[in-house]
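**Q** fold the following and give me the result.
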Amino acid sequence: MLQVGIGLALIAANGFFVAMEFALLAARRTRIEDSVAQGRIGAVSALAGMRSLNVQLAACQLGITVVSLMLGWIVEPVLGGAVEALIGRTALPAGAAAVIGLVIALTVLSFVHMVAGEMVPKAVVSRSPRPRSRCWPLRIVA
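**A** Numbers count the residues shown, from 1 in each chain. Just a heads-up that it's a prediction; the model follows:
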């Protein structure tokens, strides 16, 4: 059960990296520069990220890759083992149950990872790269 919780945290981490990547690409630089001039919280960091876009995108891609590998390493054995145990109750040979368990586990894990960890964050950030929360308009008081 711990592995499932870790898997959910890894999918959330993947979503964070995807959202950061697309927010950096979708945000308009002039709007961020205006936010810096207005003293809005986080605008300076966003502008710095946009100025070093190659490094930021590489870091996001590295994060996505590492999280994806960790997800397969930690969650697949648990999910595959559960499917294998279910199939093991049938008349299929143990080797076939192991292969089927692996294939089903990787398919389910890949689907959840792509939808929750890639497509949803990408769609949310593509619609609105700038946060619309109450704290965004706060100004930095010097």
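**Q** buried ones in the helix or strand where residue 63 lies, by neighbour count?
**A** Applying DSSP states H and E as the criterion places residue 63 in helix 53-88. Buried residues in helix 53-88, defined by neighbour count with 16 or more other Cβ atoms under 10 Å: 56, 60, 63-64, 67-68, 70-72, 74-76, 78-80, 83-84, 87-88. Bear in mind the C-beta positions are built from the backbone N, C-alpha and C, glycine included.
**Q** which residue ranges form the strands in this protein?
**A** Along the chain, counting by DSSP state E, no stretch forms strands.
**Q** ranges for the helices of it?
**A** Using DSSP state H, the helices assigned to the chain run over residues 2-26, 29-37, 43-51, 53-88, 94-114, 120-127.
**Q** mean confidence for stretch 74-84?
**A** In this model, stretch 74-84 carries a mean pLDDT of 90.
**Q** got the CA positions of that stretch in PDB?
**A** Taking Å, rounded to 0.1, in the frame of the first residue of the first chain, the C-alpha atoms of stretch 74-84 are listed here in PDB:
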ATOM      1  CA  ILE A  74       8.300   1.100  -7.500                       C
ATOM      2  CA  VAL A  75       4.600   0.600  -8.600                       C
ATOM      3  CA  GLU A  76       4.800  -1.900 -11.400                       C
ATOM      4  CA  PRO A  77       6.000  -4.800  -9.300                       C
ATOM      5  CA  VAL A  78       3.000  -4.300  -6.900                       C
ATOM      6  CA  LEU A  79       0.400  -3.900  -9.600                       C
ATOM      7  CA  GLY A  80       1.900  -6.700 -11.700                       C
ATOM      8  CA  GLY A  81       2.000  -9.000  -8.700                       C
ATOM      9  CA  ALA A  82      -1.600  -8.300  -7.900                       C
ATOM     10  CA  VAL A  83      -2.700  -9.000 -11.500                       C
ATOM     11  CA  GLU A  84      -0.400 -12.100 -11.600                       C
END
